[in-house]
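Peer 1: Here is a sequence together with a model predicted from it:
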Amino acid sequence: MAAGAGDAHAQPAPYCLPGQVPAFEPGLSELNDQIGGLLGEPLECLHPDQDSGDSIQVTSTGLAVIQARTNLPGFVSGEEHWQLTPQGVVYWTEPAAVPAPPPSSIGRPAIVDEVIADAAARLQVDPSEVQIQRWGHIQWPDSSLGCPQPGGVYLQVITPGWVVGVEAAGQTLEYHTDEAGHLAACNTLHPRVPPIDGT
């Protein structure tokens, strides 16, 4: 006997109302635009955190936060923090107050598997030992993919691609890619936002 039509309805994402689709609220969208799309994709709807009172939202690359005390949007990925303030975006590193879950393998781009294979070869470890820290879609300002080499010549065109962070053997690598599958392993993490003014 055929299943009823109601069985075909997809279950709403966590913390979403029926018919609601996970999306970033305007402040988080603006922050995401300013840091190159590092928030990834929302995996659930924004909801209150019972311990802190902040509003939180798990994403494909970390944890989006609307701070209850200041109402400022922020993002946490591992030990990296970003926050959109009236003076602009600030960036700092410290142990995350709310541990960000590892990115889900569901829906991740195929390029992530290529990064795992390349990192395993570089670090001479088994691919199973390579841990994905984060991944997200990004628009590179030119064909250098954010990793220009001395003497290199690059097309000055917006180049869509991915940023993928991995860790293995006590080392962290950040890969920049385009959508054609070209990889650039940037061993030095470049600042994504201007340094914080200490004043």
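Peer 2: Sure thing, it's come through.

Peer 1: Quick one: residues contacting the closest residue to Ser77 other than its chain neighbours.
Peer 2: Distances taken as Cβ to Cβ, 6 or more residues apart in numbering place Gly62 nearest to Ser77, at 3.4 Å, with adjacent residues excluded. All C-beta spots, glycine's among them, are computed from the backbone N, C-alpha and C. Residues counted as contacts of Gly62 (Cβ atoms under 8 Å, 6 or more residues apart in numbering) are 38-40, 75-78, 100, 134.

Peer 1: Check Cys45 too.
Peer 2: 13-17, 20, 22-23, 57.

Peer 1: again, 6 Å this time
Peer 2: Each residue near Cys45 by Cβ atoms under 6 Å, 6 or more residues apart in numbering is listed here: 15-16, 22.

Peer 1: re the thing from before, phi, psi for the residue nearest to Ser77 please.
Peer 2: phi 170, psi -140 (degrees, to the nearest 10).

Peer 1: swap in Gly161?
Peer 2: Residue torsions, per degrees, to the nearest 10, at Gly161 are phi -170, psi -150.

Peer 1: Any idea what it is bridged to?
Peer 2: Here Gly161 sits in beta bridges with Ile138, Asp178, going by DSSP bridges.

Peer 1: what's the helix or strand for Ile116?
Peer 2: Per DSSP states H and E: Ile116 is located in helix 111-123.
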